[in-house]
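Asks: structure of the sequence below:
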Amino acid sequence: MAHEISRRELLKALGLAGLAGGISWWGALPWTEQQARLRGISGAIVGDDVEVGHRWRDGGFAFQEQVPTKQFGVAIIGGGVSGLCAAWRMQQAGMTDFVILERASEMGGTAKSGSRAGHRYPWGAHYVDPPSKELRSLCKIYEDCGLIIGYHPSDQQPICDPRHIVRLPHRNIFAKGAWSQGRYPWHLMKASDYQDLERFEQIASHWSNWLDPSGKRAFGFPLDSVSRADSVVRLERMTMLAFLQEHRLDSGVLRWSINDRCIDEFSLPIESISAWAGLQYYASLAPRKKVPPAKDFALPPEVEAIDPTDRKMSWPEGNAFLVRQLLRRISPASCRTSQMVLRVRNVPEGVRVTFLDLNTRKIETIAARCAIFAAPKYLAYPCIPELTALGRSEFRQMRYIPWIVANLRCRRRPSFPSKTPIAWENFGFRSWSQGYIYADDLPTSDAEEDEQTTLTFYACFASSPDQERRSLLREGWDFWASQILEELTRMHPEMPDIVTHIDIFRWGHAMHAAYPGFLFGEDRRKMQQPCGQILFAHCDVGGLAVFEQVSMYSVGIAEEALRRIKHPFTSIQ
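Replies: Residues are numbered from 1 along each chain as shown. Presented below is the predicted three-dimensional model:
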């Protein structure tokens, strides 16, 4: 069995001994044992070089704006999900006079993916929830991407193509040497844990059904359409831990499970995240009842058996599937990768955008009537000095959380007890990681019929993000590969013998943090205000780093850009 150590010990190994606290960590093997563990395992740190961006951010090189070489209607800065959804909306409206400038070598942002030996895998976000009919623009995107194949005649709710719905058991938890299926380690739970769990589910159900006098819900999407009643705002201003304490939900198992979901969904533990964000996962889905099957259509039995509120759509490559579908609907000539934007400046006729081509090392400037800044907002002040001149300091309040993602190539699936089949998500109780996902058996997988498989490992560093980010980037492949392998060996003792390759992606600014007061607060409201002809998108200004919220917010920003350049359209919001 793997040696269990405290979080303090691993932080000491990282040079961060003063940050002890939170959930315990595992691993931190002595160097000689790390080398022995990794013998015969290949791999690398993958992803684009971040140093050039860091040098520019820190004033490492000078540049001059050039004479504009091209004129566009709209310039989109950032080719992640936000920028792509904005581009999709303009293309759909018949406005093709736009360009997307993306710093990385490929589009997608945190929805990137990779492949090896016929196996596709994600480097970031990896699932979405089936939509409800009220989310019109999201349904339009999903229709266009082939996810929605019709609408139910009885209630007009969208019918999602069952090929995209996860059919594997959703979750396995490893705790005290044994596996449990579902969200909780059932074999560890006592009567008091079950009582607290029942009360929490009643509270979540209450908020799921809650409506204010105007008919607005307390939770859901889009974020800016939910109720701002005093009781809802109060949730957004307190921590999730304070909420649990207020309701005397003291079960350690329940708190661990909620903490794990908060980190997995929004990158913050319960002592730091707002209670509204913490409850969003449990209360955001509108109550759904099973309805009679549509005429001439029936879901496969294994999909029909899944609770409608717990259905997920996922793909071996994660949300890169959606990125690929969006890119198929956007002209390739409009997509420019390896372009690092240096300056976005308002001028009387619109904007000037200056950028560095990372391939040719040449500086170029383009003109546009309007710009959508769909990049993370830690880039806002270096790119748009005008914000500082205008006294706009709200973007400095953004805080971003680092993550590490690894894809492990294995000779075969890891073993499970006979009564516990491998699940889509598999993770450890009170672990330092978010465990791993197994996607080779998803309906859309085209992995070769062999015993080899790929596991995708996730871990979030939210205790002290700035210091942990530096350590994440400082330590190399040997260190992180050994920690990841040790973590998974705790769950599956055979891991050192079956893993053949480990690739690692380090996300220094993976997700912004929904601290109390941010989502409904004044700073975020100010962030949404344009700066001249520069509009702001991205998941951080949108509020929540989930595809549903990001896509709908970006569609709204794209429609505002269409208004500004006077291009005719009919809103799909």
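
Asks: helices of the stretch 301-450 of the chain, start to end?
Replies: 301-304, 320-328, 380-383, 386-389 (DSSP state H, counting those that start in this stretch).

Asks: His567 is nearest to which of those helices?
Replies: Set against His567 and scored by Cβ to Cβ, the helices of the stretch 301-450 of the chain come closest in helix 320-328, at 19.7 Å. Placement of C-beta: from N, CA and C, glycine included.

Asks: what's near enough to touch Phe355?
Replies: For Phe355, the contact set (Cβ atoms under 8 Å, 6 or more residues apart in numbering) comprises Leu101, Gln339, Met340, Val341, Leu342, Ile363, Glu364, Thr365, Ile366.

Asks: can you give me the buried ones in stretch 145-163?
Replies: Buried residues in stretch 145-163, counted by 16 or more other Cβ atoms under 10 Å: Cys145, Leu147, Ile148, His152, Gln157, Pro158, Ile159, Cys160, Asp161, Pro162, Arg163.

Asks: Gln157 - nearest residue in space that isn't next to it in sequence?
Replies: Lys133 (5.3 Å; Cβ to Cβ, 6 or more residues apart in numbering).

Asks: wait, a helix at that neighbour?
Replies: No - under DSSP: H, G, I helix; E, B strand; the rest coil, Lys133 sits outside any helix and is assigned coil.

Asks: out of the helices of the stretch 301-450 of the chain, nearest to Gln202?
Replies: Here helix 301-304 is closest among the helices of the stretch 301-450 of the chain (Cβ to Cβ), at 26.4 Å.

Asks: which strand is the longest one in this structure?
Replies: Looking across the chain with DSSP state E, the single longest strand is strand 499-512.

Asks: buried residues of it, list them for me.
Replies: Neighbour count says strand 499-512 has 499, 501-512 buried, by 16+ other Cβ under 10 Å.

Asks: domain ranges for this structure, per the record?
Replies: 7-39+116-122+400-512, 52-105+337-398+515-564, 199-283 (automatic domain parsing).

Asks: could these be laid out in CSV, adding distance to Gln181?
Replies: What follows is those, written out as CSV (distance: least, Cβ to Cβ, whole Å):
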stretch, distance to Gln181
domain 7-39+116-122+400-512, 6
domain 52-105+337-398+515-564, 25
domain 199-283, 14
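
Asks: which stretch among those domains comes nearest Ala175?
Replies: domain 7-39+116-122+400-512 (3.4 Å).

Asks: start and end of stretch 219-234, how far apart?
Replies: One end of stretch 219-234 to the other measures 13 Å (Cα to Cα, to the nearest Å).

Asks: that stretch: how far from the chain's middle?
Replies: The gap between where stretch 219-234 is centred and where its chain is centred comes out at 21 Å by Cα atoms, centre = their mean, to the nearest Å.

Asks: same question, stretch 255-264
Replies: Stretch 255-264 sits 15 Å away from the centroid of its parent chain (Cα atoms, centre = their mean).

Asks: tell me the bridge partners for the residue lying closest to Gly428 once chain neighbours are set aside.
Replies: In space, and not counting its chain neighbours, Gly428 is closest to Phe174: 4.7 Å by Cβ to Cβ, 6+ apart. On the basis of DSSP bridges, Phe174 is bridged to Trp179, Gly428.

Asks: ignoring the adjacent residues along the chain, who's closest to Ile159?
Replies: Closest residue to Ile159 apart from its sequence neighbours, by Cβ to Cβ, 6+ apart: Gly150 at 4.7 Å.

Asks: ok, Lys176 to Met189 distance?
Replies: The gap separating Lys176 from Met189 is 12 Å, by Cβ to Cβ, to the nearest Å.

Asks: more neighbours: these two, which one.
Replies: More neighbours surround Met189 than the other of Lys176 and Met189, with 17 against 10 (other Cβ atoms under 10 Å).

Asks: on that earlier part again, nearest to Gln467, of the contacts of Phe355?
Replies: Proximity of the contacts of Phe355 to Gln467, judged by Cβ to Cβ, is greatest for Met340, which lies at 26.1 Å.

Asks: helices of the stretch 151-300 of the chain, start to end?
Replies: 191-209, 230-237, 240-246, 252-266, 275-283.

Asks: based on its surroundings, how many neighbours for Trp403?
Replies: Quick note: Trp403 (other Cβ under 10 Å) scores 23 neighbours.

Asks: please name the bridge partners of it.
Replies: The partner residues for Trp403, given DSSP bridges, come to Cys460, Trp507.

Asks: so the residue nearest to Gly428 touches Glu425, yeah?
Replies: No - applying Cβ atoms under 8 Å as the test, Phe174 and Glu425 come out as separate, 11.6 Å apart.

Asks: settle it for me: which of those two has more neighbours?
Replies: Neighbour count, other Cβ under 10 Å: between Phe174 and Glu425, Glu425 has more, with 24 against 21.

Asks: so, low pLDDT: which residues of the stretch 151-300 of the chain?
Replies: 285-300 (pLDDT under 70).

Asks: and the helix or strand hosting the residue nearest to Ile159, what does it pack against?
Replies: Here Gly150 sits within strand 148-151, counting by DSSP states H and E. Secondary-structure packing of strand 148-151 (3 or more Cβ pairs under 8 Å, 6 or more residues apart in numbering; DSSP states H and E): strand 158-160.

Asks: output the contacting helices and strands for the strand it packs on.
Replies: Using 3+ Cβ pairs under 8 Å, 6+ apart, strand 158-160 sits against helix 136-144, strand 148-151.

Asks: neighbouring contacts of it?
Replies: With Cβ under 8 Å, 6+ apart as the criterion, strand 158-160 contacts 130-133, 139, 142, 147-152, 294, 297, 311, 313.

Asks: give the burial count for the residue lying closest to Val347 once chain neighbours are set aside, as a bare number.
Replies: Leaving aside its sequence neighbours, Val347 sits nearest to Ala367 (Cβ to Cβ, 6+ apart; 7.8 Å). By other Cβ under 10 Å, 17 other residues sit near Ala367.
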